Every structure is written in structure tokens, then in C-alpha cells.
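1. Quick one, structure for this:
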Amino acid sequence: MERIRMIGLGKSFGVRQVFSNVSFEIKEGDRIALVGPNGAGKSTLLKCILGYEELDEGQVIMSPVASIGYLQQDVNLGDDSLAVEIEKAWADVHALEDKLQELTSYLETHEATDIDLQRLDYLQNRLEWLGGYDYEQKTKRIVYGLGFTDEDLHKKASEFSGGQKTRINLAKALVRSPDFLFLDEPTNHLDMDMLEWLEGYLSAYRGGILIVSHDRYFLDRIVTGVVELDHHKATTYRGNYSRYVVQRDERYKADLAAYEKQQEHIRKTEEYIDKYRAGIKSKMARGRQSQLNRLERLEAPESRDTLRFTFPDAAMSADKVLVLDHVSIGYAKDNPIIDTVSTVVRRGESVALIGPNGAGKSTLVKAIVGELFPIDGYIDIGNRVQVGYFSQEHEELHNHWQVIDEIKNDFNFSDEKARNVLGAFLFRGDDVFKLVGDLSGGERARLALLKLFLQGNNFLILDEPTNHLDIPTREIVEQALRTFNGTSFIISHDRYFLDQVSTRTLVLEHKGLTEYLGNYSYYKEKLKEKEDLAALANNGTEMAVKEMTVSSHNHSDSADMKEDGKKKTNLYMVEKQLSEVEIEIARLEATMKMYEMQLANPAVQSDVEEMTALSTQMEATNASLQALYEQWEDLSEAVSEA
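-> Numbers count the residues shown, from 1 in each chain. Next comes the predicted model:
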């Protein structure tokens, strides 16, 4: 079994220590997440393991023939076509093919020795392991899965967008099926369909994987272990991300309790020594001093240095905060990007807007905040609604200003007050004099969040608010939004984040909006129910056809015995379908009761649009129920006749 062992790794840049005494291993089948705050050294550790950065101490032990796929951030591509760029990833496979062909040609004219046969076996097995026998199909599967088309294969790699270039490099890392994958932020620039494809691909991967990612939903579904890099140290945990969080918090509490208990013991011992140092118990006091001198002192567990904030109380606004009425947006009326969408966002809601890349989510948000005008329909912001907009590109920031000026100029703060609020968002010391244009992505996001916090608006529109934020900061933003008593409208690819903060989900696809009355996981659950119901209906149709076919034939005694077996199997399948239909009927009946309760609400009754929407949903649900009732009758009759 191939494995990579990291033993006592250490790295410093000048006097700044990045990490020290880092030890863990990755073996075949492991999927390890490397997590920690921004600046902890995760990307540096990856490069040190791979030999791109020189280690100051420790060693990395791996097989010299182990193959590695590596996705790093911000890699430039040349002018070769996408097809040629991907083909470069198979260089080692082509080299193996050449060696295998050379050996095969040699054996056609020479008698094979044991060494020749062993080498032939090794080359064939190695080629199979690396996917060399079906690499063309594998390449297409991965390229298509990451959203590229046959037409894209002929475009120059340098002509693709930044997000597409990241996906090209991800494809190059994946196509070879190497022994180990090192992936630095593989989910950046992937929409939800691509994320799910990648999750499925990596879950079935046979080799070892080390992943740096801030996508907690992705890590929950993929990883089997976590290495936390923080305060220059690495700590290893078993399980997925959620299990790691539980273990991490438990360990911190246990370490803190042990430290506080030892400190109390030290305090009481020192009091005893001081009290009896010169008395009749001086000998005992000296003995306790000796014990104290030998005591191995525990270090206080280090708390995380992260921002802390909550949004101020939101001023009261109209009940209807945002109304979209048959809105179409685009550059040509006969071919809009978004076509005739309608919805209402009410006071206190937290609404998520999701959909594939290119569906028009940011376009819709720009229309809501007045940066674009609809080509049809209207957008209405309610009375007393104060809009705060967090832009994905942070256009509201001034690149030529210093960080402190961004706060002083926009909010008329003194130097001292500006420094205080900036410090709460981790801009300290000389950081406040940095030019905004020189800030990292995470620093720009924190500064934009601070400005949003200071504005005190009651309707927050957030376009990808967690981009560039590390996991501890994302958790703080989640907590702030959960406790916010205003209204929020959020675009995000961060599914874990959406599960924590959203109460309703709008899906923008095929130019229209579909609504789900819950968070992201609720939306996925409803999609699965639809798929299961469709499969159930298809199975019922196939079963009926099979039964008609069986009843139309007259068999011999031997065939009758087989027929009895088939009937028993069919009966079992029908009973199973009947049970599933009964469960679905119960669920839809409960849904109908929920709609009836909503219709009885006076606030809903006074809203014609809401009443119309609920009535439409009820009709659709009732139609599904009627179909299920008919299916239940047919299945019940089939069971009674069996």
C-alpha cells in the first residue's frame, strides 16, 4: 500500500515561524482535509511536502515511483489548446506506453527471462492503475464533468476566464488517477452541479487525497480525517469536518480544564510553601517546593484570534421588503437572461438565491440594487427599507485609499474610533495604513463586512459573502446573520453557510425562479423526493407491463414453477411499492394541511399574490395526491388478487 509520511516538518521565513514539528501520514484510500485560518501556512505545507518549497527541518518519506496530481492556486496557462493542455497530464502514461511497446517488440524476437516477465507485469499493472487503457474516455468524462464542451477543447487555454483556468488545472490533476492528489482550494469557481460531480468523483477515488478547502459542506461529504494547522502546530482528527469540530471543541475544553486545574494546584501549593517556609512544617514545605519544581507545566490552550461582531438591531420596515413582479432582465427583449420572474421577500426572512454559473444571479442582484434596469416588469423596495449591499467584487472599496481612510471618510470617524472598529475586524497596527488595492481577498472581504456592519441597514443583500474568508471567519458571519433581526437576500455557493442562515431558497435556472420553503438541505431533499417519485412511477409502469406479458403466455409445468417464483417476487415488489406510495401520500397530505393553515392566516388572506401562489402550490400538490391515490388503488388491488 502506497503512503506518504510527514515526520517533524518545520518551516520559517526569516524570524517568522510558519509551522513546526508537523507529523502525519496519508495512505491509499485516505481523504484528509488540511484546515486552519488564513495565514496558518496550509499552502506552504503542501508545497513543502511536494518539494516546491525547502523544509527547514523534518523529512517526507514516500515511494519514488508514487505519482502525484497537484492543483495549486493561480497557475498561468500557455497558448496551447485545452485538449493539448490536458494531454500534458498523461506524459508519464505515454512514457509507460512507449516502454511497454519497446519491451513487447523485444519479446517478439527474444526468449523472455523471469526479469523480463516481471517487468512486463509491472508495466501492465502500472499502466492499468494510472488509467492508461481508457485515458481518452476518462479525460472526456472529467472535462465534461467540470463544465467544458467539445468546442472548448479547441480553444486556447489562455483565453479562458480565471475560474475556467482553475477548472482546467483541476482536470489536469484528476485525469491521471495518480496515487496521491494534493488539492489546494479545488471548489473555487465551481457551481453546485460541478461541486456534486467532484464530490462523487473524489468519494470513489482509490488513491490518497490531501485537500485544502474552506468548503465545509464539501469536506463533510468527502474527507475521512482532518489535520488542523494553527498556531504553528498540527493536530490530527478522525472523521469528517463536522466530527472534527466536535472533537476540536471537546479537546479545547478538556485542555482548558486541565490547565485551570493545574494552575489552581500550583496556587494552593505556593500558598502552603509561603505559609510554612520557616515554621515547624518547613521540611514539608521544601518537599512540596521540590515537587513543584519537577512538575511539567501545561501550556494554556491558545484561543482563536478572529473577529467578533453582531449586526445592530434593524429598524422596522414594511412587511414586503422586496417585490419582483414579472421581471425580465437582459440586453435584448426577445432573448432575456432572466425571463418573467416574480417573488416577494418579507420582513425577517433570510432568502438564498442559488443556481448554476451563468444563470444570472449577480445580474438579478444588480437589478435589485438599481445598477441595472429590467426590460420588463418592475422591482419594488418596500417603505422604510434601507438596503445594504455586499458586492462580490467589492466595488464600493477605494483601491487608492488607505484602510483607515476607508472608514474615516465614509463614516466621519476620528483616528481613534476608526482604529477601534478596524481592530475588531483584525486590522491592527500598521495594517490600517495598507492601501486597499494591496489587500488580500480575505482582507478586502473583512473590510467590506465592516462597512456593511457600520451602515446599520435593515435589508442586507449579500453576493458571495464568504468568498476568500477562512472557516473561523465564516462561522462568525453565520452567527451574525442568524441573530440579525432584519431581512437578508444571499447569493452563495457555500452550501454549509446557506444551511446555517437561510429560511427559504430560490433556484434560478432556465431563466426562471423555483421556490423551496427551507434551506439548501431542504431543497436537496425535495429534489430527491421528486426523483424517487418519478422512479416509483416508472417502476409501477414496468411492473404492469411485465404482469400483462406473463399472463398472456401458457407455460409447461416446469415453466409454471418458474412463474410461481416470479409471482412471489412480483408480489414482494408490489407490496414494497405500496408501502412507499403510502409514505408519500402521508407526506403530501401533511403538506396540504400546512397550506390550509397558511391560507387561514389573515396576513396571507390580505395578500392577493401570496394567496394566488399558495393556491397554485396546493393545486399541484393535490394533483400529485390524486395520482398517488389512483396508484394506491391499483397496487392494493394487485396485492389482494395475488
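2. which regions of the protein sit below the pLDDT cut-off?
-> The model of the chain has pLDDT under 70 over residues 74-75, 304-305, 540-573, 575-576, 579, 590, 593-594, 597, 600-609, 641-642.
3. where do the helices sit along the stretch 251-400 of the chain?
-> 282-294, 361-368 (DSSP state H, counting those that start in this stretch).
4. Residue 614 reaches residue 599, doesn't it?
-> Yes - with contact defined as C-beta atoms under 8 Å, residue 614 and residue 599 form a contacting pair (5.8 Å). Using the backbone N, CA and C atoms, a C-beta is placed for each residue, glycine as well.
5. Of these two, which one has the most company?
-> Comparing residue 614 with residue 599 by other C-beta atoms under 10 Å, the one with more neighbours is residue 614, at 18 against 14.
6. hang on, the more buried one in a helix?
-> Yes - according to DSSP: H, G, I helix; E, B strand; the rest coil, residue 614 belongs to a helix.
7. In CSV, list the helices of the stretch 251-400 of the chain along with distance to residue 229 and mean neighbour count.
-> Output for the helices of the stretch 251-400 of the chain, formatted as CSV (distance: least, C-beta to C-beta, whole Å; neighbours: other C-beta atoms under 10 Å):
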stretch, distance to residue 229, mean neighbour count
helix 282-294, 33, 12
helix 361-368, 33, 21
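8. neighbours around residue 479, how many?
-> Residue 479: 15 neighbours (other C-beta under 10 Å).
9. buried sites along the helix or strand hosting it?
-> In this assignment (DSSP states H and E), residue 479 forms part of helix 471-483. By 16 or more other C-beta atoms under 10 Å, the buried positions in helix 471-483 come out as 471-478, 480-481.
10. what's the offset of it from the middle of its chain?
-> 15 Å (C-alpha atoms, centre = their mean, to the nearest Å).
11. now the helices of the stretch 251-400 of the chain as a markdown table including distance to residue 442?
-> Output for these, formatted as a markdown table (distance: least, C-beta to C-beta, whole Å):
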| stretch | distance to residue 442 |
| --- | --- |
| helix 282-294 | 45 |
| helix 361-368 | 20 |
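12. And those: which comes nearest residue 512?
-> helix 361-368 (11.4 Å; C-beta to C-beta).
13. Can you spell out which helices and strands pack onto that closest one?
-> For helix 361-368, the elements it packs on are strand 320-329, strand 338-346, strand 350-354, strand 376-381, strand 459-463, strand 487-491, judged by 3 or more C-beta pairs under 8 Å, 6 or more residues apart in numbering; DSSP states H and E.
14. Output it as CSV - backbone C-alpha positions only.
-> The C-alpha coordinates for helix 361-368 follow below in CSV (Å, rounded to 0.1, in the frame of the first residue of the first chain):
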residue,chain,number,x,y,z
LYS,A,361,-27.8,35.5,-10.1
SER,A,362,-25.5,38.5,-9.9
THR,A,363,-27.4,40.1,-12.7
LEU,A,364,-30.6,39.8,-10.8
VAL,A,365,-29.0,41.3,-7.6
LYS,A,366,-27.6,44.3,-9.6
ALA,A,367,-31.1,44.9,-10.9
ILE,A,368,-32.5,44.8,-7.3
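15. Direction-wise, compare it with strand 459-463 and give the angle.
-> The directions of helix 361-368 and strand 459-463 differ by 150 degrees, with axes from the mean of the first three to the mean of the last three C-alpha atoms, to 10 degrees as the criterion.
16. what's stretch 95-102 in contact with?
-> 120, 123-124, 126-127, 130, 132 (C-beta atoms under 8 Å, 6 or more residues apart in numbering).
17. Ranking by neighbours, what's the top pick from the residues you listed?
-> residue 132 (21 neighbours).
18. Could you tell me how far that residue is located from residue 175?
-> Taking C-beta to C-beta, to the nearest Å as the measure, residue 132 and residue 175 are separated by 11 Å.
19. Could you tell me which residues touch both of those two?
-> Common neighbours of residue 132 and residue 175, counting by C-beta under 8 Å, 6+ apart, are residue 90.
20. Need the max-distance pair from the contacts of stretch 95-102.
-> Across the contacts of stretch 95-102 (C-beta to C-beta), the longest gap, 16.1 Å, separates 120 and 130.
21. Tell me the backbone dihedrals of the residue located most distally from the centre of the chain, please.
-> Within the chain, the residue lying farthest from the chain centre (C-alpha atoms, centre = their mean) is residue 280, at 67.3 Å. Backbone torsions of residue 280, given as degrees, to the nearest 10, read phi -70, psi -20.
22. just checking, residue 354 touches residue 507?
-> Yes - contact criterion C-beta under 8 Å: residue 354 and residue 507 qualify, at 5.7 Å.
23. between these two, which one's more packed in?
-> The neighbour comparison of residue 354 against residue 507 (other C-beta under 10 Å) goes to residue 354, with 23 against 19.
24. Might you report the residue contacts of the more buried one?
-> 192, 361, 491-493, 498, 505-508, 520, 523.
25. Residue 369 and residue 322, how far apart?
-> 11 Å.
26. quick one, which of the two is more surrounded?
-> residue 322 (22 against 15).
27. Who's the closest spatial neighbour of that one, skipping the chain neighbours?
-> residue 345 (4.0 Å; C-beta to C-beta, 6 or more residues apart in numbering).
28. From residue 366, how far off is that neighbour?
-> 16 Å.
29. Repeat that for residue 187.
-> 25 Å.
30. One more: residue 499?
-> Counting by C-beta to C-beta - residue 499 and residue 366 are separated by 26 Å.
31. Residue 447 now?
-> 21 Å.
32. how about residue 185, what does it touch?
-> Applying C-beta under 8 Å, 6+ apart to residue 185 gives the contacts 71, 73, 212-214.
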